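Undergrad: from the sequence below, what's the structure:
(chains A, B, C and D)
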There are 2 protein chains.
Amino acid sequence: MEASTFRALGEPSRLRIVEALRHGPASVGELAEVLEIRQPQVSKHLRVLGEAGIVVVEPVARHRIYRLDEEPFEQIVHWVDSFERLWDARLNSLERYLDSVRRAAETE
Amino acid sequence: MEASTFRALGEPSRLRIVEALRHGPASVGELAEVLEIRQPQVSKHLRVLGEAGIVVVEPVARHRIYRLDEEPFEQIVHWVDSFERLWDARLNSLERYLDSVRRAAETE
DNA sequence: GCAATATATTCCTTGCAAGGAATATATTGC
DNA sequence: GCAATATATTCCTTGCAAGGAATATATTGC
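TA: Numbers count the residues shown, from 1 in each chain, chains lettered A, B, ... in the order given. A predicted model of the protein is given here:
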């Protein structure tokens, strides 16, 4: 899992942009208006999101329509799933906890 | 969804710490040794992760055992799921795309 | 209480990331 | 080609976040 994906989502304005794009593609101007963020900042945030692979652009006349790419979202789900599978595999958390206590005791 | 959760995961060393904790709880020293990060940095990163609710601590003798809290991971899954549900609800992406083109055309 | 061990915190420096303002670039209709 | 519109980029400033080094704090066994 790339930290850059999370980093891109870890900025409040960018997270708002992503959540706005949840409902469908939008142009830079639309996002700026809806979210009340100045146009240059929207463009800059979209650049970061694009570099992280979260959005893709398609030019339409003078507009540039941005939309979410599903791939990073699938990656995130897989990543979290791999955690939960492990958690489920070890039947209870007490077992794992005792492991770590055991290891800690070894250095006493 | 809190941007701070993603921000905490958006730093490479912290993401490595989280992935190390995937296999079970560990002490600060263990993490520092396994990941080859100096102890003070590990403590600082764990602080950030703790403030984001991603890890919890339990003191055991002189050690402090950190482990992942499942809640933020569940939040992330729910968040992404809410996206994919919307995507599925609108049968094809062409439909959404045309919406945005239509809106763009209105300002011409 | 003291030494040893494990961890957290503080202080410092440095680089990066975000916003603002201005401006450059691209596209369209004419 | 030019004006109008939409968007991207540049330059600047500022604050924050990360690492390093040193030190403080907590806990244990004795």
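
Undergrad: for the rest of this, base every contact and every neighbour count on C-alpha atoms.
TA: Noted.

Undergrad: tell me the helices and strands packed up against the lengthiest helix in chain A.
TA: Longest helix in chain A, counting residues (DSSP state H): helix A:70-89. Applying 3 or more Cα pairs under 8 Å, 6 or more residues apart in numbering or on different chains; DSSP states H and E, one finds that helix A:70-89 contacts helix B:71-89.

Undergrad: ramachandran coordinates for residue A:56?
TA: phi -130, psi 150 (degrees, to the nearest 10).

Undergrad: and it, how far is that from DNA strand C?
TA: The gap separating residue A:56 from DNA strand C is 16 Å, by Cα to the nearest atom of the strand, to the nearest Å.

Undergrad: which residues touch that residue?
TA: The neighbourhood of residue A:56, defined by Cα atoms under 8 Å, 6 or more residues apart in numbering or on different chains, consists of A:50, A:66-69.

Undergrad: show me the beta-bridge partners of it.
TA: residue A:67 (DSSP bridges).

Undergrad: give me the residue from chain A nearest DNA strand C.
TA: The nearest approach of chain A to DNA strand C comes at residue A:61, 3.4 Å away (Cα to the nearest atom of the strand).

Undergrad: count the neighbours of that residue for me.
TA: Neighbours of residue A:61 under the rule other Cα atoms under 10 Å in any protein chain shown: 11.

Undergrad: and residue A:36, by the same measure?
TA: Neighbourhood size, residue A:36 [other Cα under 10 Å]: 10.

Undergrad: okay, buried residues for stretch A:17-37 please.
TA: The neighbour-count check on stretch A:17-37 (16 or more other Cα atoms under 10 Å in any protein chain shown) flags A:17-18, A:20-22, A:24-32 as buried.

Undergrad: where's the dip in pLDDT among those?
TA: Lowest pLDDT of the buried residues of stretch A:17-37: residue A:24, 89.

Undergrad: on the three-state scheme, that one is what?
TA: Here residue A:24 takes the coil state, with states given by DSSP: H, G, I helix; E, B strand; the rest coil.

Undergrad: and what of residue A:65?
TA: Strictly by three-state DSSP, residue A:65 counts as strand.

Undergrad: what sits against the residue lying closest to it once chain neighbours are set aside?
TA: What sits nearest to residue A:65 in space, not counting adjacent residues and going by Cα to Cα, 6 or more residues apart in numbering or on different chains, is residue A:27, at 4.4 Å. Residue A:27 is in contact with A:63-66, B:100, B:104, counting by Cα under 8 Å, 6+ apart.
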